[in-house]
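>>> Everything below, folded, please.
(2 chains)
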Amino acid sequence: MREEHVIEAEGLTKMFGTFTAVDHITFDVKKGEIFGFLGANGAGKTTAMRMLCGLSKPTAGRATVAGCDIVREPERVKRNIGYMSQKFSLYEDLQVWENIRLFGGIYGVAEREMAQKTDDMLRRLGIYGEKNTPVKRLPLGWKQKLAFSVAIFHEPKVVFLDEPTGGVDPRARRQFWEMIYEAADRGITVFVTTHYMDEAEYCDRVSIMVDGRIDALDSPGGLKRQFGVGSMDEVFYKLAREAKRGE
Amino acid sequence: MRQRVKVQGGESAGRTGGKGVFAAFVKKEFRHVVRDKRTMLIVLAMPVVQIILFGFALSSEIRNVNVAVLAPHYDEQVRRIVERMDASEYFTVTGMLTSDKDVDMAFRDGSADMILAFGGGFDEVYTVEGTEIQLIADATNTNTATTMVMYATNIISNSLTDGQQEMKAGIVPDIRMLYNPQMKSSYGFVPGVMGLIIILICAMMTSVSIVREKEQGTMELLLVSPMRPIMIIISKMVPYLVLSFIDFLMIVLLSVTVLDVPMAGSFGALCVLALLYIIVALSLGLLISTKVESQMAAMLGSGMVLMVPSMFFSGMIFPVESMPLFFQWLSKILPPSWFITGVKKLMIEGLPAMYVAKETLILTVMAVVLIAASLKNFKYRLE
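Alright, predicted model coming up:
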C-alpha cells in the first residue's frame, strides 16, 4: 500500500481564524506519478502544499508523505522530499558547486559521494564549465534546471515543485519537463503546481482546487471527457467560474 | 522524536543538522558576508573611521581658545596667570585690552572667545591680595563655554596657589579630574563607539540578512529542509558574532595605541562583557527579523528603533543624568547604556570585574528575554 501511494491526504483542512483556506481535501498520489496541482490564485494550493511539506500544521484531517505522518513526523517528511519553489531556489551569490554541496549536505548526501555526484550532474546538464560561476550569472532557464537538479540531488521520494517554470520561455519549459519525466522514470514522484494549462496536459493526473476544495481529479483526458471539452484550459475555466473567492 | 533515521532511497544515512552540516552552513553564511563588498567595507572600515573621526576631528575638548586679557594694572600676579594660560594647549592669549569698552568689540570681531579680566570693580570670583578676576565667555555654544571656563578656573587657581604658599583669604578648591585627568573626550566616546558598532553589525546586519532570505524565498527552502530552524538561525549569527568581536578588538587596539585610552581593568572581563552584549544585540536583530518582511523595513527598524535611541539616550553623547525622567527610564532599557557603563568601569576606571556585576546581570537578563521572545516569534512564523 505504502509503496503504491506516496502521498495520502484525508480530509486535510487548514483554517486561518474563520477563513477556511483548505477545506477537507482527500486525494492520493502514486509512486512515480506526475501529479498536477492546479487552482486559481487564492484557491489554497500553496497552503495545501505547505502542509504536505511539514511547514504548516493542518487544522483537521491527516496526511502521509513518503509513509511519514505530516503532523507527527514532520522532520522525517522533510528528509524524504525535495522542494523547489516558484521564487528562486538557489543562492545567487554562491557558486554553482557551492550551492550543490550546501543542499547536498543539508539533505545528508555523504561527503565522499558529493564530488562525483556533483560532476555527473553538471555534465548531464551540460554546464560543467560553469561549476565555479556564481549562480546569479546564469540565464534563468539554466538556473531553474539547476534548481530542479539540486532539489532531487538526494534522490527524494517526492519532489514538490511550486510553479517551477514561471517566467521562462516555451523552449526552456519544454526542456524542464523532459527533466521532470526523467525523474519520474527513476521513480521520483512529482507533485507540481502550475499556471500553464499546456503543462497540465503533461501530467499523469491533475487535481483542480476551487475555494479550498478539490473539485476535479482525474487524468487530463478523463477531465476533458467529464466536462465535455477539448482542452484543459476549458476545463479550468468551467470550474474557476464557479469560484466565490476573488483573486 | 529526534532519533537517527535512515535517509531512505539514498545510499547515505544519518540525520542532518549535525556538526558537518552546521559547519557547511556557517561557511555559507561567511561566504554571503565576505562576498558582499558593502558589508565588508562597513565592517572593516567603520571602526577605523569612527576612531579617527572621534579621536582627531570630532572632539568635545577645547583647544586653542582665543583669550583676550583685560588688565588695568599689569602686575606680577597678572603676568603669572596670563603666562600660564598661554602656555597651556587649551588657550592662546591673543591680545591685551585696556578698557571694558573693548570687551564687547573683541567678542564681536571674533578675536576672543573668552576674556580674562583683572580688577576694576567686576563681581568677585577670587580675591587674593586684592586681585579680582573675572572670566567672560562666549556662551553661544554652552558646552564649549562651560568647558573653557572650567579649564581656565583650574589654571587660575593653580597659579594662585603656587605663588601663595600660605593662603589666607578665600578658599581655592583643588580640582582633580579622576580617571581622565586630561579631560580627553576620547575616554568617553570609545565605549560609545563600541556600543554603536556592535549594535550596527549584530542587530542591523543580522536582521537584514535573515530578512533577505525571507525576501529571496530561500528561507522557505531552508525551512522545508531537515535543518532544524534553530540551527539555521544560529549559523546565520555566527559570522556576525565573529565580525563584531573582531571590530571590538580593533577598537580596543586602536584606542589604546592611537588615542592613548587606558586599558586599566581586566581585559578578559571586558571581552566577556563584550560577548554578552554581542549576544544581546544578535537576539535583538533576530527579534526584528521576525517582525518585518522586507530588508528595507529591517534596516529602518533597527535604525530608528535601535540606533537613534542608542546614540541619544545611552549616555554616548549627551549625559543621561540631565535628561527628563522619561528618557532616563528609556536609557535604562537600552542595552548599550549598560554596556557603555560597564566598559567605562573596566577600561577607564580600571575597577575590578566584580564592579560590573550589575551590568553583567542586566545584560544577561536582557539576552535571555530577547532570545526567548524571538524564538517564540520565529516558531510562530513557521506555522
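
>>> Which parts of the stretch 1-150 of chain B are strands?
Counting by DSSP state E, counting those that start in this stretch, the stretch 1-150 of chain B forms strands over residues B:65-70, B:91-97, B:114-118, B:127-128, B:131-137, given from the N-terminal end onward.

>>> Can you name the residue of the stretch 101-250 of chain B nearest to chain A?
Closest contact between the stretch 101-250 of chain B and chain A, by C-beta to the nearest C-beta, is at B:G217 (2.8 Å). Every C-beta, even on glycine, is put in place using the N, C-alpha and C of the backbone.

>>> For that residue, which non-adjacent residue is closest in space?
Computed as C-beta to C-beta, 6 or more residues apart in numbering or on different chains, the closest residue to B:G217 that is not its neighbour in sequence is A:K87, at 2.8 Å.

>>> Quick one: classify the one you found as helix, strand or coil.
coil (DSSP: H, G, I helix; E, B strand; the rest coil).

>>> Which pLDDT does the model give it?
Confidence at A:K87, expressed as pLDDT, is 71.

>>> Next up, the contacts around B:G195.
Under the criterion of C-beta atoms under 8 Å, 6 or more residues apart in numbering or on different chains, the contact list for B:G195 reads B:Y277, B:S310, B:S314, B:M316, B:P336, B:F339, B:I340, B:V343.

>>> I'd like to know how many residues surround the first one.
It stands for B:Y277. Around B:Y277 there are 29 other residues, counting by other C-beta atoms under 10 Å in any protein chain shown.

>>> how close does it get to A:G36?
In this structure, B:Y277 and A:G36 are 53 Å apart, going by C-beta to C-beta, to the nearest Å.

>>> next one: the fifth one
Spatial separation of B:P336 from A:G36 under the definition C-beta to C-beta is 55 Å.

>>> The two: which is more packed in?
Between B:P336 and A:G36, counting by other C-beta under 10 Å, B:P336 is the more crowded of the two (28 against 25).

>>> Quick check, the more buried one in contact with B:F312.
No - under the criterion of C-beta atoms under 8 Å, B:P336 makes no contact with B:F312, lying 10.7 Å away.

>>> Tell me which residues touch A:G105, please.
So A:G105 contacts A:E111, A:M114, B:T16, B:G20, B:V21, B:A24, B:F25 (C-beta under 8 Å, 6+ apart).

>>> would you list those in CSV and tack on neighbour count, distance to A:A9 and pLDDT?
As requested, these are arranged in CSV below (neighbours: other C-beta atoms under 10 Å in any protein chain shown; distance: C-beta to C-beta, whole Å; pLDDT from 0 to 100):
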residue, neighbour count, distance to A:A9, pLDDT
A:E111, 12, 36, 83
A:M114, 17, 34, 90
B:T16, 25, 26, 46
B:G20, 14, 34, 73
B:V21, 24, 30, 79
B:A24, 19, 34, 84
B:F25, 22, 32, 87
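
>>> Output the set of residues of the stretch 201-350 of chain B in proximity to chain A.
Within the stretch 201-350 of chain B, the residues that sit near chain A (C-beta under 8 Å from any C-beta of the partner chain) are B:Q216, B:G217, B:T218, B:E220, B:L221, B:L222, B:L223, B:V224, B:S225, B:P226, B:M227.

>>> pLDDT score for B:I171?
Reported pLDDT at B:I171 in the predicted model: 59.

>>> Spatially nearest residue to residue 64, not counting backbone neighbours?
The chain I'm using is chain A. With sequence-adjacent residues excluded and distances taken as C-beta to C-beta, 6+ apart, A:T64 is closest to A:E8, at 5.0 Å.

>>> if you could check chain B rather than the one you did, that'd help
Taking C-beta to C-beta, 6+ apart as the measure, B:N64 lies nearest to B:T92, with 5.2 Å between them; neighbours along the chain are not counted.

>>> For the helix or strand harbouring A:E113, give me every contacting residue.
Taking DSSP states H and E as the definition, one finds A:E113 inside helix A:111-125. Outside helix A:111-125, the residues within contact range by C-beta under 8 Å, 6+ apart are A:96-97, A:100-101, A:104-105, A:109, A:128, A:130-131, A:142, A:145-146, A:149, A:153, B:11-12, B:20.

>>> So which of the residues you listed belong to strands?
Per DSSP state E, strands hold no members of these.

>>> Quick one: buried ones out of these?
The neighbour-count test (16 or more other C-beta atoms under 10 Å in any protein chain shown) marks A:96-97, A:100-101, A:104-105, A:109, A:130, A:142, A:145-146, A:149, A:153, B:12 as buried among these.

>>> quick one on the thing from earlier: contacting residues for the residue of the stretch 101-250 of chain B closest to chain A?
By C-beta under 8 Å, 6+ apart, the residues touching B:G217 are A:S85, A:Q86, A:K87, A:F88, A:S89.

>>> what do you get if the cut-off is 10 Å, keeping everything else the same?
Taking C-beta atoms under 10 Å, 6 or more residues apart in numbering or on different chains as the criterion, B:G217 is in contact with A:S85, A:Q86, A:K87, A:F88, A:S89, A:D162.

>>> May I have the phi/psi pair for the second one?
Here is the backbone geometry of A:Q86 (degrees, to the nearest 10): phi -60, psi -40.

>>> Quick one: the strands in chain A, in order.
Using DSSP E, the strands assigned to chain A run over residues A:5-16, A:19-30, A:34-39, A:60-65, A:68-69, A:81-84, A:158-162, A:189-193, A:205-210, A:213-218.

>>> so where's chain A shaky on pLDDT?
Counting by pLDDT under 70, chain A shows low-confidence ranges at A:1-3, A:245-247.

>>> can you tell me which residues contact the residue in chain A that chain B sits nearest to?
Here chain A gets closest to chain B at one residue, A:K87, 2.8 Å apart by C-beta to the nearest C-beta. A:K87 sits next to A:D162, A:E163, A:G166, B:E215, B:Q216, B:G217, B:T218, B:M219, B:E220, B:L221 when contact means C-beta under 10 Å, 6+ apart.

>>> now A:R62
Residues in contact with A:R62, defined by C-beta under 10 Å, 6+ apart, are A:E8, A:A9, A:E10, A:G11, A:L12, A:D69, A:I70, A:V71, A:R72.
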